[in-house]
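Undergrad: build the 3D model from these lines:
(chains A and B)
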Amino acid sequence: MIEEEVVNIRSEDLHKKISEIKNAGYEMLVDLTVVDWYRKRDNRFELVVNLLSLSKKKRIRIFSDIPNENLECKSLTDIYPGANFYEREAFDMYGIIFLGHPDLTRILMPDDWIGHPLRKDFGLGKIPVQFKNAPKV
Amino acid sequence: MDDKEKKQKENIQDSEYWATNAEQGGWSLSSTDEGSQEMEKEETPEELDIQMGKEIIDDYIDSETPSSEDERMIVNMGPQHPSTHGVLRLQVELEGEIVRRVKPVIGYLHTGMEKTGESLTYSQGCTNTTRMDYLSPFFNELVFSLTTEKLLDIEVPERAKQIRILMTELNRITSHLVALATGGMDIGAISMMVFGFRERELILNFFEKTTGLRMNHNYIRPGGIAADLPDGWERDVREILEEIPKKLKDYDQMLLDNPIWNGRLRNVGILTTQECFALGITGPSLRASGYDWDLRKVQPYSGIEKFEFNVPILNESDVFSRWRIKVLEIQESLKIVRQAMETMPKGDYRIDDKKVTPPPRKRLDESMEALIHHFKLFTEGFKVKEGEAYVAVESPRGELGCYIVSDGSSKPYKMHIRGPSFCNLQALPVIMSDSPIADAVASIASLDPVIGDVDR
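TA: From the prediction side, this is the model:
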């Protein structure tokens, strides 16, 4: 069975700590995503990094709050090249800037899209339907 | 005329004489090309190993003189290209017929499923996730259900677990059959395309009988499965178990020793274990590079640890081994299906928890409580306590993970799917660059990307 571990790291130390964790035997970056705690927490965005050690059969999930003032974080692509697409997705969907990323462009949405769709204050895109004889509100 | 020229003239006359009157006496080396022919050299053991495919040689082409910028050409492949498996677009930089750089451009099938998932209840969530990786829908449902069950802290009955295993392993066979079929078609083995889809239909008929749909089943749900297996399901599964191995033998006869197939696939698109680790690539591609990693063995889910099966490992790490490992995995999946069929336990197929499972239709006429539960479940949905969970299963393409954050309501606060195809696509520049454009299609097919899973 795989053991699971959860850690919190401050965003300033994230890059350094993750390279230490990689040296401790976590070979693979499995997943990187962001949670939007809109109006629920002080720091709105939380980065979630999921690392896997294939040799030791361990997983580690790293949480890191991104400060509201500047939505920036050092890119992990120099440690794990596989973070490339995930960071582009996080930028596309949440607007987090990853400093030092080789090609930080939109990945899923069109290039000229305005806004970041997975943010909680971005609308779902439902179109209101007007019924003919609906009572006026 | 000096001496030197005289001698030369004599020499020419000599050789002409001998060339025209060979039977009049002897022969000289210059008069005939016999003797200048040499036997082909014996291959050294290293060369033999390369020819047999035992030794991994990355057949990249490296020119000694770098060409200037204007000799290179950027070509768009896709998004409307039959061998990009959907709407994948590749920006390919060519130098002659050699691919120098590749950039995958994705997002043409993006429908915002993760955003939609946040507005659907947990019981509706499976209808959403099942449409992501449309070739292996059961795995998507399974991983969503397992994550929800982990957050709810419930355990489904044994029969439900075993049916889940039965269906997912059958699904693995169908998914690999499509991979073999489309992979064959891309390289020119059109018969393989027809065969693969024909055998897949056999299993899809069983899916249709069980779940009502050929794809996008919404069969595995949080708390169990939607319905019990139909009457006579064992007969159908037995037929599948008899038919598929025969057909696999046919494929092997057609392709395994086929010189064209071998020539097109061997030593093409090398992806080593180190590259897999760096880029986060899992599944058949990692196992074809010689690393033993299968979540079914390492992190068993839904009671798969009870079954006996092997994890096939190959060391060549080329397109051929990525093709071969899919055939071997179908055989292993058949073993699991057979065991699951023979040891299918009796009992309930969904959890006996009124807060999660809707009551049967019959009970609604008898019990007020059942009616209330039914109404609450289908209007509001069941509530999941606060927390977050990540669960991963071994999908046909690699690690399929689901990360759900719950805020205590009946809808997930965040639902994120770690799709294996999305991650595996990062390997395309590695395996395609510095190789001929003819190999590009074989390389794409070997990764087996499903664009529904990439774009979500």
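
Undergrad: where in the chain is pLDDT low?
TA: Looking at chain A here, since you left the chain open. Within chain A, the stretches with pLDDT under 70 are A:136-137.

Undergrad: that's the wrong chain, I wanted chain B
TA: Residues of chain B meeting the criterion pLDDT under 70: B:1, B:8-38, B:50-69.

Undergrad: so out of everything in it, what residue is nearest chain A?
TA: B:Gly280 (3.4 Å; CB to the nearest CB). Any C-beta I mention is one placed from the backbone N, CA and C, and that applies to glycine too.

Undergrad: near the closest residue to B:Leu213 other than its chain neighbours, how many other residues are there?
TA: The shortest distance from B:Leu213 to any non-neighbouring residue, by CB to CB, 6 or more residues apart in numbering or on different chains, is to B:Phe207 (7.3 Å). Around B:Phe207 there are 20 other residues, counting by other CB atoms under 10 Å in any protein chain shown.

Undergrad: any idea which helix or strand carries B:Phe207?
TA: Per DSSP states H and E, B:Phe207 falls inside helix B:190-211.

Undergrad: parallel or antiparallel, which strands does the helix or strand just after that helix pair with?
TA: Remark: after helix B:190-211, the chain's next helix or strand is strand B:220-221, criterion DSSP H and E. Strand B:220-221 pairs in its sheet with strand B:224-225 (antiparallel), by DSSP bridges.

Undergrad: which other residues reach the strand it pairs with?
TA: For strand B:224-225, contacts defined as CB atoms under 8 Å, 6 or more residues apart in numbering or on different chains pick out B:156-157, B:160, B:163-164, B:219, B:348-351, B:357.

Undergrad: report the distance from it to the chain centre.
TA: 27 Å (CA atoms, centre = their mean, to the nearest Å).

Undergrad: give the next helix or strand downstream of that strand.
TA: With elements assigned by DSSP H and E, the helix or strand that comes after strand B:224-225 is helix B:233-255.

Undergrad: by contact count, what packs against that next one?
TA: Judged by 3 or more CB pairs under 8 Å, 6 or more residues apart in numbering or on different chains; DSSP states H and E, helix B:233-255 is in contact with helix B:158-187, helix B:190-211, helix B:319-342.

Undergrad: can I get those in TSV with distance to B:Asn76?
TA: Output for these, formatted as TSV (distance: least, CB to CB, whole Å):
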stretch	distance to B:Asn76
helix B:158-187	18
helix B:190-211	25
helix B:319-342	23
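
Undergrad: what does the stretch 51-200 of chain B put close to chain A?
TA: B:106-107, B:110, B:112, B:114-116, B:119 (CB under 8 Å from any CB of the partner chain).

Undergrad: out of the residues you listed, who's nearest B:Val384?
TA: Closest approach to B:Val384 among these (CB to CB): B:Ser119, at 15.2 Å.

Undergrad: contacts only, for the closest residue to A:Glu46 other than its chain neighbours.
TA: Counting by CB to CB, 6+ apart, A:Glu46 lies nearest to A:Val35, which is 4.6 Å off, once chain neighbours are set aside. With contact taken as CB under 8 Å, 6+ apart, A:Val35 is in contact with A:45-46, A:48, B:405, B:413-414.

Undergrad: next one: B:Tyr403
TA: Here B:Tyr403 is in contact with A:31, A:33, A:48, A:50, B:147, B:388-390, B:414-418 (CB under 8 Å, 6+ apart).

Undergrad: in helices, which of those appear?
TA: The members of the contacts of B:Tyr403 that map onto helices under DSSP state H are B:Thr147.

Undergrad: how far does stretch B:105-112 stretch from one end to the other?
TA: Start to finish, the residues bounding stretch B:105-112 are 17 Å apart (CA to CA, to the nearest Å).

Undergrad: show me which parts of that stretch are buried, residue by residue.
TA: Neighbour-count burial for stretch B:105-112, counted by 16 or more other CB atoms under 10 Å in any protein chain shown, picks out B:105-110, B:112.

Undergrad: next one: that stretch to chain centre, how far?
TA: From the chain centre to the centre of stretch B:105-112 is a distance of 20 Å (CA atoms, centre = their mean).

Undergrad: for the residue in chain A that chain B sits nearest to, which non-adjacent residue is spatially closest?
TA: With CB to the nearest CB, the shortest gap between chain A and chain B falls at A:Gly82, namely 3.4 Å. Nearest in space to A:Gly82, with sequence neighbours left out and distances taken as CB to CB, 6+ apart, is B:Gly280 at 3.4 Å.

Undergrad: what residues does that neighbour make contact with?
TA: Residues near B:Gly280 by CB under 8 Å, 6+ apart: A:28-30, A:80, A:82, B:423, B:426.

Undergrad: please list the residues of chain A that sit near chain B.
TA: Residues of chain A found near chain B (CB under 8 Å from any CB) are A:1-2, A:4, A:27-31, A:33, A:35-36, A:40, A:48, A:50, A:54, A:57, A:59, A:61, A:80-82, A:84-86, A:93, A:106-110, A:117-118, A:122, A:124-125.

Undergrad: report the buried members of the residues you listed.
TA: A:27-31, A:33, A:35-36, A:48, A:50, A:54, A:59, A:61, A:80-82, A:84-86, A:93, A:106-109, A:117-118.

Undergrad: for A:Val35, helix, strand, or coil?
TA: strand (DSSP: H, G, I helix; E, B strand; the rest coil).

Undergrad: buried ones in stretch B:70-86, by neighbour count?
TA: By 16+ other CB under 10 Å, the buried positions in stretch B:70-86 come out as B:77-79, B:81, B:83-86.

Undergrad: gap between the two ends of it?
TA: So stretch B:70-86: terminal residues 31 Å apart, CA to CA.
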